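Attaching a predicted model along with its sequence, questions to come.
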Amino acid sequence: MTELGDASRSVLDRLRTYRAADAPTHGGRVLSYVYDSGSAELDELAAQAIRIMQPVNGLDPTTFGSVAAIERDLVGFARDLLGGAEEVVGSVTTGGTESCLLAVKTARDLWRAGGGEGTPRLVAPSTVHAAFFKAAAYFGLELDLVPVPASGAVDAGALLVRLGPDVALAVVSAPSYPFASLDPVAEVAAGCVEAGIPLHVDACIGGLVLPFADSLPAWDLRVPGVTSLSVDLHKYGYAPKGASVLLHRGRERLHAQYFATTRWPGYPVVNPTLLGSRSAGPAAAAWAIVQALGVDGLGDLAVRTLAATAALREAVDAIEGLRVVGEPVGPLFAVAADEGVEADARVDPHHWADAIRGLGWQLQLQPGLVQADGSRLPHTTHLTVTPVTEQVLPELTRAMVQAADEVRGLPPVTAAEAISALGGDVTAVLAGPLPERLAPLLALVEGLPPEYTERLLVRLLAGIVEPV
């Protein structure tokens with residue numbers, strides 16, 4: 001690094017000050033959003049790869065052949081790991097949301113090209129990732145959500161009965177984000193083949209771990225009828241944000257993903273992704289990590305992650321008043337109150353998450369949901385587990401037990417109580433900062449009409465980045 005002037009040092013000092021207020025990205029104390037391999041060597045490898053590719057524009061692989069080479073290798077790696085034959089092709093995107101958006105956009109365009117008219121439907125379990133809500137909103141589809149049972153995995157028959165000629169795409173998860181449930185991919189795929197409807201498997205969070213798990217039913221591209229699959233490299237591929245792969249069965253589907261135009265006086269625009277200009281850095285970092293680790297190295301990290309997940313689940317099972325939701329396949333799971341014990345012995349998961357935050361750990365609070373059939377999915381606390389978690393298991397387990405003991409018997413916060421604490425004015429949350437206790441905020445999210453809370457949260461988040 002060249003010698004920095006005083007102005008540059010000041011700028012970097014300010015940036016470090018901003019970062020110091022962030023949640024820690026290493027060390028295993030944040031069990032959501034962060035995917036820490038525990039390897040400083042991998043982090044440095046990723047940083048060097050980004051530096052090499054820093055000035056490169058991923059817009060045009062004919063100008064920057066390195067982009068084509070990197071993406072070709074990443075698509076090939078993902079295809080081989082996830083059971084794709086030579087007919088499977090794909091592209092690198094900037095993240096799971098973009099991969100999911102493009103899968104929906106592709107299906108919608110092919111549905112229209114096949115004669116579909118009006119508004120197409122997107123059929124998915126109610127646990128499907130919010131990216132598909134965004135895709136339906138952006139691309140003009142009706143999102144048809146199928147309620148899930150207590151197991152968290154959708155019933156294949158309940159989903160297949162929704163299929164019809166107006167369905168452009170069906171989606172299942174491997175696994176779902178809220179509860180880590182593995183949907184019945186093979187059964188749904190067989191019904192989709194019979195109905196002539198494409199099926200997308202959202203494996204964004206699990207696609208680089210589940211191949212190394214034991215005794216799972218078929219879920220990837222080995223299943224006939226799976227027409228597309230998304231997998232994130234910036235999750236359990238340990239690359240910096242954002243890098244993901246979207247795979248398609250057949251070149252026709254991949255070509256439908258592209259946007260191309262020559263109808264302006266500038267250069268021909270041919271984009272496989274939503275972005276035009278895009279950084280080549282995250283893909284280069286993902287490529288470097290994959291090349292260095294290979295399948296065996298990723299497998300070792302996956303096995304460690306799954307072992308840590310199993311240990312944490314056992315720890316939750318041993319805590320009176322808490323329970324693991326459904327049948328998670330890892331490397332994540334959700335925790336709810338155990339309604340099988342007396343009320344004074346139950347542990348509300350949101351109070352628990354707030355208490356454990358006070359001990360230096362951050363878990364993710366999830367609101368409950370009343371499904372279309374009237375059944376309710378419980379409010380929960382979510383844990384995403386990584387290889388580094390195994391290094392902190394004793395300390396984390398003690399904190400989990402201590403936090404549960406602190407809040408056992410406390411009833412859940414109601415929306416009415418949360419509003420009362422705000423002096424009757426819900427918009428008071430806009431004044432910020434975010435409260436230290438998140439349970440009341442999640443009570444508002446769950447208890448008020450979604451249209452209202454969504455507008456409120458937009459105003460809150462937009463306000464955070466307004467210039468002062």
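All right, it came through fine.

per the record, what domains does the protein have?
Annotated domains of the chain cover 48-290, 415-464 [automatic domain parsing].

Quick check: mean pLDDT of the longest one?
Predicted confidence along domain 48-290 averages 97 (mean pLDDT).

quick one on the thing from earlier: tell me which of the domains of the chain approaches residue 388 most closely.
Judged by C-beta to C-beta, the one of the domains of the chain that comes nearest to residue 388 is domain 48-290, at 10.3 Å. (C-beta placed from N, C-alpha, C; glycine too.)

List the buried residues for the helix or strand hosting residue 105?
For residue 105, the host element (DSSP states H and E) is helix 96-113. Buried positions in helix 96-113, judged by neighbour count with 16 or more other C-beta atoms under 10 Å: 96-111.

What pairs with the next helix or strand after it, parallel or antiparallel?
Remark: after helix 96-113, the chain's next helix or strand is strand 121-125, criterion DSSP H and E. Strand 121-125 pairs in its sheet with strand 142-146 (parallel), strand 167-173 (parallel), by DSSP bridges.

Following element in sequence after the first one, please.
Scanning forward in sequence from strand 142-146, with DSSP H and E defining helices and strands, the next element found is helix 156-160.

Equivalent analysis for the longest one, please.
Moving toward the C-terminus from strand 167-173, the next helix or strand (DSSP H and E) is helix 185-195.

Now find how far off-centre that following helix is within its chain.
24 Å (C-alpha atoms, centre = their mean, to the nearest Å).

ok, so what distance separates residue 414 from residue 440?
In this view, residue 414 and residue 440 are 9 Å apart by C-beta to C-beta, to the nearest Å.

if we can go back for a sec, just so I know, which of the strands paired with strand 121-125 lies nearest residue 232?
Comparing those by C-beta to C-beta, strand 167-173 comes nearest, at 13.0 Å.

Report the angle between the closest one and helix 96-113.
Between strand 167-173 and helix 96-113, the angle formed by their directions is 150 degrees, by axes from the mean of the first three to the mean of the last three C-alpha atoms, to 10 degrees.

before we move on, back to that, among the strands paired with strand 121-125, show me which one is buried the most.
strand 167-173 (a mean of 28; mean count of other C-beta atoms under 10 Å).

Now do that strand and helix 185-195, the angle between them.
If you take the same axes, to 10 degrees, strand 167-173 sits at 170 degrees to helix 185-195.

okay, how far is it across stretch 442-452, tip to tip?
For stretch 442-452, the first-to-last residue distance is 14 Å (C-alpha to C-alpha, to the nearest Å).

What is the lengthiest helix in the chain packed up against?
For the chain, the longest helix by residue count, based on DSSP state H, is helix 281-317. Secondary-structure packing of helix 281-317 (3 or more C-beta pairs under 8 Å, 6 or more residues apart in numbering; DSSP states H and E): helix 40-53, helix 65-81, strand 322-324, strand 332-337, helix 393-407.

next one: that helix to chain centre, how far?
Relative to its parent chain, helix 281-317 has a centroid offset of 16 Å by C-alpha atoms, centre = their mean.

angle of it against helix 40-53?
150 degrees.

Name the residues of helix 281-317 that come out as buried.
Buried residues in helix 281-317, defined by neighbour count with 16+ other C-beta under 10 Å: 281-290, 293, 297-299, 301-302, 304-309, 311-313, 315-316.

mind checking the backbone torsions on the spatially closest residue to residue 192 that is not a sequence neighbour?
Nearest residue to residue 192 in three dimensions, chain neighbours excluded: residue 199, at 4.4 Å (C-beta to C-beta, 6 or more residues apart in numbering). Backbone torsions for residue 199, taken as degrees, to the nearest 10, come to phi -130, psi 130.

And residue 249, by the same measure?
Backbone torsions of residue 249, given as degrees, to the nearest 10, read phi -90, psi 100.

Contacts only, for it.
Going by C-beta atoms under 8 Å, 6 or more residues apart in numbering, residue 249 touches 84, 87-88, 221, 226-228.

Repeat that for residue 173.
So residue 173 contacts 125, 127-129, 181-183, 201-203 (C-beta under 8 Å, 6+ apart).

same thing with residue 119?
Contacts of residue 119 (C-beta under 8 Å, 6+ apart): 140-142, 166.

returning to that earlier point: so which of the strands paired with strand 121-125 gets nearest residue 57?
Checked against C-beta to C-beta, the stretch from the strands paired with strand 121-125 lying closest is strand 167-173, at 31.2 Å.

coming back round to it: pick the most buried one from the domains of the chain.
Buried most deeply of those, by mean count of other C-beta under 10 Å, is domain 48-290, with a mean of 20.

Please narrow the contacts of residue 249 to those residing in strands.
88, 226-228 (DSSP state E).

any idea which of those is closest to residue 235?
Compare each of those with residue 235 using C-beta to C-beta and the shortest gap goes to residue 228, at 18.1 Å.

wait, the closest one sits on residue 203?
No: counting by C-beta atoms under 8 Å, residue 228 does not reach residue 203; the two are 10.4 Å apart.

And what about residue 383, helix, strand or coil?
strand (DSSP: H, G, I helix; E, B strand; the rest coil).

check contacts around it.
So residue 383 contacts 31-32, 312, 332-335, 363-364 (C-beta under 8 Å, 6+ apart).

same deal with residue 371?
Applying C-beta under 8 Å, 6+ apart to residue 371 gives the contacts 126, 145, 147-148, 377.

hmm, 6 Å instead?
126, 147 (C-beta atoms under 6 Å, 6 or more residues apart in numbering).

what's it sitting at in phi/psi?
Residue torsions, per degrees, to the nearest 10, at residue 371 are phi -80, psi 170.

Repeat that for the one 4 residues further on.
Here is the backbone geometry of residue 375 (degrees, to the nearest 10): phi -70, psi 150.

Can you check what pLDDT the model gives it?
Value for residue 375, per-residue pLDDT: 96.

Quick check: nearest residue in space to it, chain neighbours excluded?
residue 147 (5.9 Å).

ditto for residue 178
In space, residue 178 is closest to residue 127, 5.2 Å off (C-beta to C-beta, 6+ apart).

so the one you found sits right up against residue 180, yeah?
No: assessed by C-beta atoms under 6 Å, residue 127 is found out of contact with residue 180, at 9.8 Å.

Helix or strand for the residue lying closest to residue 407 once chain neighbours are set aside, just tell me which one.
Nearest in space to residue 407, with sequence neighbours left out and distances taken as C-beta to C-beta, 6+ apart, is residue 351 at 3.9 Å. Using DSSP H and E, residue 351 maps to helix 349-357.

Residues contacting that helix, please?
Contacts for helix 349-357 (C-beta under 6 Å, 6+ apart): 335-336, 363, 365, 380-381, 399, 403-404, 406-407, 410, 437, 439, 442.

From the chain's centroid, how far away is that helix?
In terms of C-alpha atoms, centre = their mean, the gap separating the centre of helix 349-357 from the centre of its chain is 22 Å.

Next secondary structure element downstream of it?
strand 364-366.

What sits closest to residue 315 if chain neighbours are left out?
Leaving aside its chain neighbours, residue 315 sits nearest to residue 397 (4.6 Å; criterion: C-beta to C-beta, 6+ apart).
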